[in-house]
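Undergrad: Prediction below, plus the sequence it came from.
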Amino acid sequence: MGSSSEVKSVLVSGGAGFIGSHLVAALVARSYRVTILDNFSTQIHGEGKIPAPQHENVCIVRGDVRSRQDWLHALEDQHVVIHLAAETGTGQSMYQIERYVDVNVRGTAALLDILANEPHSVRKILLASSRAIYGEGKYRCTEHGVVYPPPRSEVDLCAGDFHVKCPICRKDASLEATDEDSKIQPTSIYGISKQCQEQLFMTAGRALGIPAVALRYQNVFGPGQSLQNPYTGILSIFTTRIRNGLPIYIFEDGRESRDFVYVDDVIQATLRAMQDAAADFEIFNVGSGLRTDVMTVARQLRSALGGESSLEINGKYRVGDIRDNLADISKIQTRLGFAPSISFEEGIRRFGIWAAAQPLQRDRLDESIAEMRQRGLYK
């Protein structure tokens, strides 16, 4: 697209959510006109009135991404669409299959169908994809080199062996940074839905001559996360447990890890992808390029919140969970000049200050676990 001066209006679906609200604020600060399309899901936002726009350059459309009419209303005079709206609970997706596919896949198809068949002013489209499409990701076997293991077997998991195995010789494999050319093999319905979104976006974008970008967000965290949704984000789950004085349940052995990336860094990466033509028709990992194990997360968060919750490693596991996540971010660093600037430690400090000032939420983790256990997804 060349430069931001060519773009005046940006539509952000899911713009009232965690990442979306940060993105909208950043866009407004750069003098863009922003339209938010959001359904204000009670699972994420809780009960309450739809907030009024906080800036004269922000318009809020309450609508559903599955509705053609809502898209048509929101798309009027837009130059860029940043599609964040999605159902995002990995565990929940395994039993609310129709809902996740309907919202994530059909909602994306509705947008693209309009771009293919109706007059519009859209010049670029960006998708919030996910590292979930990789499944277990990239590993190395001492005998067979780089491998892409399938989901871990329930036999191993039940026996307390949580390591990822080489798919050829079954020996323990070592984690490598997963790059964008890695094999795509999601282990959850959520991951499958994000893969479909990506393929729809990139294929339609090329066919229509509209530059498309897919951003594979890793584990995004920071102020503004929903603290009442027990289906996504261990930081949100742990925070609610700590503030209620409840024990923190650590699944598996506590050494499973994730690539946590602070929300401000995610926003910077997204803005670069929107503004820079070098991103057109490309796919990028957006992460920190580092991994942190869950036990470390729990300890640092407990310290940041000044809590005393016990940490209980229970050896349980959720079907569809991966063992580790480490993103190779060299492509976005090279092509777009992106470099994460907020360390996990600093991010947790900032998150803790924000979370401690929020209204105390009722803990719903046990309810979500009961739902998964009933369906054989928590063992």
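TA: Done, it's in. Numbering: from 1, shown residues only.
Undergrad: low-scoring stretches of this structure, by residue?
TA: 1-6, 41-54, 230-232 (pLDDT under 70).
Undergrad: Show me how it divides into domains.
TA: 4-138+177-374, 139-176 (automatic domain parsing).
Undergrad: what about the shortest one, distance to the chain center?
TA: So that's domain 139-176. 25 Å (Cα atoms, centre = their mean, to the nearest Å).
Undergrad: got it, and stretch 198-206?
TA: 19 Å.
Undergrad: Check what contacts that stretch and list those residues.
TA: Contact with stretch 198-206 is made by 83, 105, 108-109, 112, 115-116, 125, 127, 129, 133, 210-212, 214, 281, 283, as judged by Cβ atoms under 8 Å, 6 or more residues apart in numbering. Bear in mind the C-beta positions are built from the backbone N, C-alpha and C, glycine included.
Undergrad: before we move on, the earlier item: please produce a markdown table containing the domains of the chain, extended by mean neighbour count.
TA: Shown next, in a markdown table, are these (neighbours: other Cβ atoms under 10 Å):
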| stretch | mean neighbour count |
| --- | --- |
| domain 4-138+177-374 | 19 |
| domain 139-176 | 15 |
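Undergrad: Now, the contacts of stretch 198-206 that are in strands?
TA: In this view, the contacts of stretch 198-206 that belong to strands under DSSP state E are 83, 125, 127, 129, 212, 214, 283.
Undergrad: Using TSV, lay out those residues together with distance to N244.
TA: Conversion of those to TSV gives the following (distance: Cβ to Cβ, whole Å):
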residue	distance to N244
H83	35
I125	41
L127	36
S129	33
A212	43
A214	38
I283	40
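Undergrad: Could you single out the nearest of those residues to I36?
TA: I36 lies nearest to H83 out of the ones in strands among the contacts of stretch 198-206, by Cβ to Cβ, at 12.3 Å.
Undergrad: mind checking how far the closest one is from G233?
TA: 20 Å (Cβ to Cβ, to the nearest Å).
Undergrad: cool, and L365?
TA: For L365, the distance to G233 - Cβ to Cβ - is 12 Å.
Undergrad: who's in contact with A26?
TA: 267, 271.
Undergrad: Kindly apply the preceding question to Q185 instead.
TA: Contacts of Q185 by Cβ under 8 Å, 6+ apart are 134-136, 148, 150.
Undergrad: and of the residues you listed, the nearest to Y95?
TA: Ranked by distance to Y95 (Cβ to Cβ), the contacts of Q185 are led by G135 at 19.0 Å.
Undergrad: Might one say that the closest one is in contact with R152?
TA: No: between G135 and R152 there is no contact under Cβ atoms under 8 Å: 10.2 Å.
Undergrad: where does L305 fall, phi/psi-wise?
TA: phi -90, psi 0 (degrees, to the nearest 10).
Undergrad: so it touches A357, yeah?
TA: No: the pair L305 / A357 is not scored as a contact, 11.0 Å apart, by Cβ under 8 Å.
Undergrad: Isn't F251 up against R318?
TA: Yes: assessed by Cβ under 8 Å, F251 is found in contact with R318 at 6.6 Å.
Undergrad: C-alpha coordinates for stretch 344-364, CSV please?
TA: Extracted in CSV, the C-alpha atoms of stretch 344-364 (Å, rounded to 0.1, in the frame of the first residue of the first chain):
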residue,chain,number,x,y,z
PHE,A,344,7.9,-11.3,29.4
GLU,A,345,9.0,-10.1,32.9
GLU,A,346,8.1,-6.5,32.1
GLY,A,347,4.9,-7.5,30.5
ILE,A,348,3.8,-9.5,33.5
ARG,A,349,4.6,-6.5,35.7
ARG,A,350,2.4,-4.3,33.7
PHE,A,351,-0.3,-6.9,33.4
GLY,A,352,-0.3,-7.4,37.2
ILE,A,353,-0.7,-3.7,37.9
TRP,A,354,-3.7,-3.5,35.6
ALA,A,355,-5.3,-6.8,36.7
ALA,A,356,-5.1,-5.9,40.4
ALA,A,357,-7.2,-2.8,39.7
GLN,A,358,-10.0,-4.7,37.9
PRO,A,359,-13.2,-5.8,39.6
LEU,A,360,-12.8,-9.3,41.1
GLN,A,361,-14.3,-11.9,38.9
ARG,A,362,-16.0,-15.1,39.9
ASP,A,363,-13.8,-18.1,39.2
ARG,A,364,-15.3,-20.4,36.5
